[in-house]
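# Could you look at this predicted model? Sequence included:
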There are 2 protein chains.
Amino acid sequence: MKRVVLASYPRGNPQPSDFRIEEVAVPEAGEGELLLRTLYLAVDPLIRFSLDERLLSGASRMEPGAVMVGPTVCQVAASRHPDYAPGDVVEGRSGWQEYSVAAPDRSDYRGPPRKVDAALAPVSTALGALGGPGQTAYEGIVNVGRVKAGETVVISAAGGAVGSIAGQIVKVLGGRAVGIAGGAAKCAALLDLGFDAVADYRAPDFADQLGAALPAGAEVYLDNVGGDVTLAVLAHLKRGARMPMCGFIAYYGMGMEGPGPDRLPGFYRQIMAKALEIRGFAGIFAGQKGLAAIAGWMKEGRIRLAESVVDGLEAAPGAFSSVFSGHDHLGKLLVRVAPEA
Amino acid sequence: MKRVVLASYPRGNPQPSDFRIEEVAVPEAGEGELLLRTLYLAVDPLIRFSLDERLLSGASRMEPGAVMVGPTVCQVAASRHPDYAPGDVVEGRSGWQEYSVAAPDRSDYRGPPRKVDAALAPVSTALGALGGPGQTAYEGIVNVGRVKAGETVVISAAGGAVGSIAGQIVKVLGGRAVGIAGGAAKCAALLDLGFDAVADYRAPDFADQLGAALPAGAEVYLDNVGGDVTLAVLAHLKRGARMPMCGFIAYYGMGMEGPGPDRLPGFYRQIMAKALEIRGFAGIFAGQKGLAAIAGWMKEGRIRLAESVVDGLEAAPGAFSSVFSGHDHLGKLLVRVAPEA
């Protein structure tokens, strides 16, 4: 079997050369364990966080030579656990490898591998609309953002897994969804998904596009990027605006400090001047309620699936790298490691 | 009469030489107006904000030659308005001058001059515990911070007008109050006011003092300073901590950007990693409910007054400057311009 390991810590944006593909024997499941065959792995930018030698904590820092971590959808190839049968599809965090062993009774705080109902939706959605990104979008718009009908909601990384769902939830709630994404094609795709307006952060007239999309400002900003995009959005937020924060891809390659000048003074100034409410959150702690709501909206045709798939484990390093250099995929970016049996 | 005008925009921390004292004729009250005699003026660090040529908005930017703005307690010297009588004491924003004219029917969003009940407490408290700083402390601890019994609350600028009241409100609510202030004398005074623990940000072992004061972390951080102090506190906040933000004196002399490195990436990282809730707020929008509560607690002896008074309008520029260089006064810093008649 093949697996992808970290070759060396990336400098700045990750490159395919930061990773290495190894061939090893397929592991065996012991008593109470499962052998899992990976179907899909999610290209999750948050993993960048762990690839940093400056991290003090060994628990969250990945060491060179280790198998890349990350969410996956797998099929049970062999089971020595009474609750799982061969052929079951599960969501787990088995990482970038073709096979892995899971021990449901010794799982971490995320719990044992979650069974995926293949009758409900394509199993890949367990990594997108009906998985972590869906939970994050629901938590950010409904619980943290508390979006009400008639409110305007700006969403950064709107073409991504979280953003593309979040914008559609805004529409379900009767709000106005304004998406920020990179490139004219992705912006057009967002309008097609139902966003009311878009702004292309790669366009030279991004500031004008954003102003035109927000003639009366915004009540909520779902921030997934930080950096220049966020500083541009702040100028358009209304007094008392809520700013749920679920990521900051602009800073993942940095430690605690980036190159100067220091922009924290301006950030403070905006928080105070506009009485902003900022809240960091992770969808993983949001429970299952949001996923049930999204599944219902998908069934009613009110939320459409957006995902992009590349084929083969060998494509994972390149796909991961592309996320940081502004790729053209819409929705969750997945690697199909093997076909469903 | 004398008045203090801005001579030139301060570079960095304000200096007395940035101001000039002028002598002019006492103005006269027209129909519907009041002639006010200034008793006290509040040395309010927020004024620093307006003394910045980089501010684009002429509305909030003060021009050189203008009379310094700021909250005052005044006595009505002559009244041509039916609702005010000579001798009435009022709170207003008449600035750094011995006399001024007010037009109650043409007041801004702050409303007409507010009458101060001299029987309730010394009239100077209208600028401290029973004025803007009291409103800010109440709003920050009770409404934004939502402090509950048993919670630990860190307060920066704890020796200041807001902080010294905020810590005492924490104690009324059954919380644990940890104050950060500059200098051993001020820290000792805070313990005397009822704070449970203190840390001296000027001491070389500040980090150790803070750690010792927060062995189990903190649920709430009332931030009034920003800068190094806040970055030190963030490390001690618990997951989901609330961070009401009412000022950031560390940055008042800067525009939107300070000297590098850029600390915004680390700030984002902490917000996400700890799921922090940050909310900027201004006590001025908090209404009168908090002041009634504080007046009641003062009457019961549960909140003690902390204020420092210097004498004479000429002392105002030096007092203002001292706030930015870390002065030794406890509580609200006031200038007594004239005795009550």
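Looks like it arrived, so ask away.

# Residue numbers of chain A in contact with chain B?
Within chain A, the positions near chain B by C-beta under 8 Å from any C-beta of the partner chain are A:226, A:245-248, A:251, A:254-269, A:271-282, A:285. In short, each C-beta sits where N, CA and C put it, glycine included.

# Can you flag the buried ones in the residues you listed?
Among the residues of chain A next to chain B, those scoring as buried are A:226, A:245-248, A:251, A:254, A:256, A:258, A:261-269, A:271-272, A:274-282 (criterion: 16 or more other C-beta atoms under 10 Å in any protein chain shown).

# in stretch A:305-325, what's buried?
Per 16+ other C-beta under 10 Å, stretch A:305-325 contains these buried residues: A:305-308, A:310, A:313, A:315-324.

# Which members of the buried ones among the residues of chain A next to chain B occur in helices, if any?
Among those, the ones falling in helices (DSSP state H) are A:264-269, A:271-272.

# Endpoints of stretch A:52-65, how far apart?
14 Å (C-alpha to C-alpha, to the nearest Å).

# Strands of the stretch 1-150 of chain A, residue ranges please.
Along the stretch 1-150 of chain A, counting by DSSP state E, counting those that start in this stretch, strands occupy A:2-6, A:19-23, A:34-42, A:72-79, A:89-92, A:99-102, A:114-115.

# Can I get the fifth one as PDB, trimmed to CA atoms?
Same thing as strand A:89-92. C-alpha atoms of strand A:89-92 as PDB (Å, rounded to 0.1, in the frame of the first residue of the first chain):
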ATOM      1  CA  VAL A  89     -18.600   3.200   5.100                       C
ATOM      2  CA  VAL A  90     -17.200   5.300   8.000                       C
ATOM      3  CA  GLU A  91     -15.800   8.800   8.500                       C
ATOM      4  CA  GLY A  92     -12.600   9.000  10.400                       C
END
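
# For it, give me every contacting residue.
Residues from elsewhere that reach strand A:89-92 (C-beta atoms under 8 Å, 6 or more residues apart in numbering or on different chains): A:34, A:36, A:39, A:71-76, A:84, A:100, A:102, A:113-116, A:118, A:123, A:126-127, A:131, A:340.

# Any of those residues buried? List them.
A:34, A:36, A:39, A:71-76, A:84, A:100, A:102, A:113, A:116, A:123, A:126-127, A:131.

# show me the contacts for residue A:137.
Here residue A:137 is in contact with A:162-163, A:165-166, A:169, A:283, A:290, A:294 (criterion: C-beta under 8 Å, 6+ apart).

# What of residue A:287?
residue A:135.

# What does it show for phi and psi?
phi 80, psi -180 (degrees, to the nearest 10).

# Do you know the pLDDT at it?
On the pLDDT scale, residue A:287 is placed at 76.

# give me every residue that touches residue A:234.
So residue A:234 contacts A:221, A:267, A:270, A:274, A:276 (C-beta under 8 Å, 6+ apart).

# Would you point out the most distant pair within the residues you listed?
Greatest spatial distance among those (C-beta to C-beta): A:221 and A:267, at 13.0 Å.

# Grab the nearest non-local neighbour of residue A:270.
residue A:234 (4.6 Å; C-beta to C-beta, 6 or more residues apart in numbering or on different chains).

# Roughly how far does the one you found sit from residue A:218?
10 Å (C-beta to C-beta, to the nearest Å).

# swap in residue A:100?
From residue A:100 to residue A:218 the distance is 43 Å (C-beta to C-beta).

# circling back: farthest-separated two in the buried residues of stretch A:305-325?
So, the buried residues of stretch A:305-325 by C-beta to C-beta: farthest apart are A:305 and A:317, at 25.5 Å.

# from the stretch 201-341 of chain A, which residue is nearest to chain B?
At 1.3 Å from chain B, residue A:260 is the closest residue in the stretch 201-341 of chain A, using C-beta to the nearest C-beta.

# Format the strands of the stretch 1-150 of chain A as JSON lines; extra columns: mean pLDDT.
Below are the strands of the stretch 1-150 of chain A laid out as JSON lines (pLDDT from 0 to 100):
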{"stretch": "strand A:2-6", "mean pLDDT": "97"}
{"stretch": "strand A:19-23", "mean pLDDT": "97"}
{"stretch": "strand A:34-42", "mean pLDDT": "97"}
{"stretch": "strand A:72-79", "mean pLDDT": "97"}
{"stretch": "strand A:89-92", "mean pLDDT": "93"}
{"stretch": "strand A:99-102", "mean pLDDT": "96"}
{"stretch": "strand A:114-115", "mean pLDDT": "92"}
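
# Among the buried residues of stretch A:305-325, pick out the one closest to residue A:181, please.
residue A:306 (11.4 Å).

# which residues touch that closest one?
A:128, A:161, A:164-165, A:189, A:193, A:330-332.

# ok, back up a step: excluding sequence neighbours, find me the nearest residue to the residue of the stretch 201-341 of chain A closest to chain B.
residue B:260 (1.3 Å).

# right, and residue A:269 touches residue B:251 too?
Yes. If you go by C-beta atoms under 8 Å, residue A:269 and residue B:251 touch, sitting 7.1 Å apart.

# any common contacting residues for the two?
By C-beta under 8 Å, 6+ apart, no residue touches both residue A:269 and residue B:251.

# can you list the domain ranges for chain A.
What automatic domain parsing lists as the domains of chain A is A:2-128+A:305-336, A:132-285.

# Of all these, which one is nearest residue B:299?
The nearest among those, by C-beta to C-beta, is domain A:132-285 at 31.2 Å.

# and the end-to-end length of that closest one?
So domain A:132-285: terminal residues 10 Å apart, C-alpha to C-alpha.

# which sections of chain A are below the confidence cut-off?
A:55-59, A:109 (pLDDT under 70).

# Do a quick rundown of the helices in it.
Under DSSP H, chain A gives helices at A:132-138, A:161-172, A:184-193, A:206-213, A:227-234, A:264-273, A:289-299, A:316-324.

# Same list (these) but as a markdown table, adding distance to residue B:176.
Below are those laid out as a markdown table (distance: least, C-beta to C-beta, whole Å):
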| stretch | distance to residue B:176 |
| --- | --- |
| helix A:132-138 | 34 |
| helix A:161-172 | 37 |
| helix A:184-193 | 48 |
| helix A:206-213 | 44 |
| helix A:227-234 | 34 |
| helix A:264-273 | 26 |
| helix A:289-299 | 34 |
| helix A:316-324 | 43 |
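
# What is the neighbour count of residue A:17?
Residues near residue A:17, counting by other C-beta atoms under 10 Å in any protein chain shown, number 11.

# so what's it up against?
residue A:7.

# Distance of it relative to residue B:226?
Distance from residue A:17 to residue B:226, by C-beta to C-beta: 40 Å.

# about what we covered before: ok, the contacts of residue A:234 vs residue A:210, which is closest?
residue A:221 (11.4 Å).
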